[in-house]
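Asks: What shape does this take:
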Amino acid sequence: EGVPTAETPGEANTRRSVGGENDSPARQLARFVSSVAGNDVTGMHIRTIYRRDRFLRGGDHIGYLEQGYPAARFTEPNENYAHQHQDVRVEDGVQYGDLVEFCDFPYITRVAKVNAATLWSLAQAPGTPKNVRILTDNLTNDTDLVWDRGPEPDLAGYEVVWRATDSPDWTHVIPVGNATEVRVDLSKDNAFFGVRAVDRDGHRSPVAFPRPD
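Replies: This next block holds a predicted model:
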């Protein structure tokens, strides 16, 4: 989802003020999944769908979103409705129901690899940066970002990511070292920015989207 289900009225006002509808924690999680689990090891191409869920259905991830946790649904792109949400039966010569003979086990194996790669990458990476802010107290053509230092002992530093406002995913990376503030020679009016942590082994956290300060 883009607009967080559990956001407060104040958070909604902030989101509207900065155009953050495409930068919820859930969408940062989805981008993270695509970056770490769509590769030759999993054998999967991951397509991110910017929607909370499919039409007429709702997954278990929605309960997490309602409690304020970032969550995303993993699902196949081409569903066979005869074999889901159906009583097991034969009707007009057609077999209905979720039966083992209709399972694609090589595909299920690849799905499991995507989930495992995501969980492993989240466990290995530093935590998502906290208290990330974009300073807006002065009108300038630069972008000033500040954040809190993480507690990880193997933390190597941070990266600023940015993209054009009409781009769906991060396109540029600026290494900034083991700092907690940076000035970027780009206008905050014309791009979206984020900050992520990097450890000494090169594991990267999900991106934190800054709030104005």
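Asks: When you work out contacts or count neighbours from here on, use the C-alpha atoms and nothing else.
Replies: OK.
Asks: Nearest to the middle of the protein, which residue? Look it up for me.
Replies: Among the residues of the chain, the one closest to the centroid is Leu29, at 2.1 Å (CA atoms, centre = their mean).
Asks: Could you tell me whether that residue really is in a strand?
Replies: No. Counting by DSSP: H, G, I helix; E, B strand; the rest coil, Leu29 is not found in a strand; it is helix.
Asks: which SS class is the closest residue to it other than its chain neighbours?
Replies: Taking CA to CA, 6 or more residues apart in numbering, and ignoring the residues beside it in sequence, Leu29 has Pro206 as its nearest neighbour in space, at 6.3 Å. Secondary structure of Pro206, reduced to three states by three-state DSSP: coil.
Asks: Hmm, Pro206 is touching Ser34, no?
Replies: No. Using CA atoms under 8 Å, Pro206 and Ser34 do not qualify as a contacting pair, with a distance of 11.0 Å.
Asks: Neighbour count: these two, which is higher?
Replies: Pro206 (26 against 18; other CA atoms under 10 Å).
Asks: Tell me who's in contact with that one.
Replies: Residues in contact with Pro206, defined by CA atoms under 8 Å, 6 or more residues apart in numbering, are Gln28, Leu29, Arg31, Phe32, Gly127, Thr128, Arg196, Ala197.
Asks: For the fifth one, pull up the helix or strand it's in.
Replies: When secondary structure is defined by DSSP states H and E, Gly127 falls outside every helix and strand.
Asks: Let me know whether it touches Ala208 as I believe.
Replies: No. Assessed by CA under 8 Å, Gly127 is found out of contact with Ala208, at 10.0 Å.
Asks: the more surrounded of these two?
Replies: Ala208 (26 against 21).
Asks: Identify the bridge partners of the more buried one.
Replies: Counting by DSSP bridges, Ala208 is bridged to Val195.
Asks: Distance-wise, check it relative to Asp60.
Replies: Ala208 is 24 Å from Asp60, where distance means CA to CA, to the nearest Å.
Asks: ok, now Asp40?
Replies: According to CA to CA, Asp40 and Asp60 sit 28 Å apart.
Asks: all strands for this protein, in order.
Replies: Taking DSSP state E to define them, one finds strands in the chain at 89-91, 94-96, 130-134, 143-148, 155-164, 172-177, 181-184, 191-199, 211-212.
Asks: contact partners of the first one?
Replies: Pointing back at strand 89-91 there. The set of residues that contact strand 89-91 without belonging to it, under CA under 8 Å, 6+ apart, is Gln95, Tyr96, Gly97.
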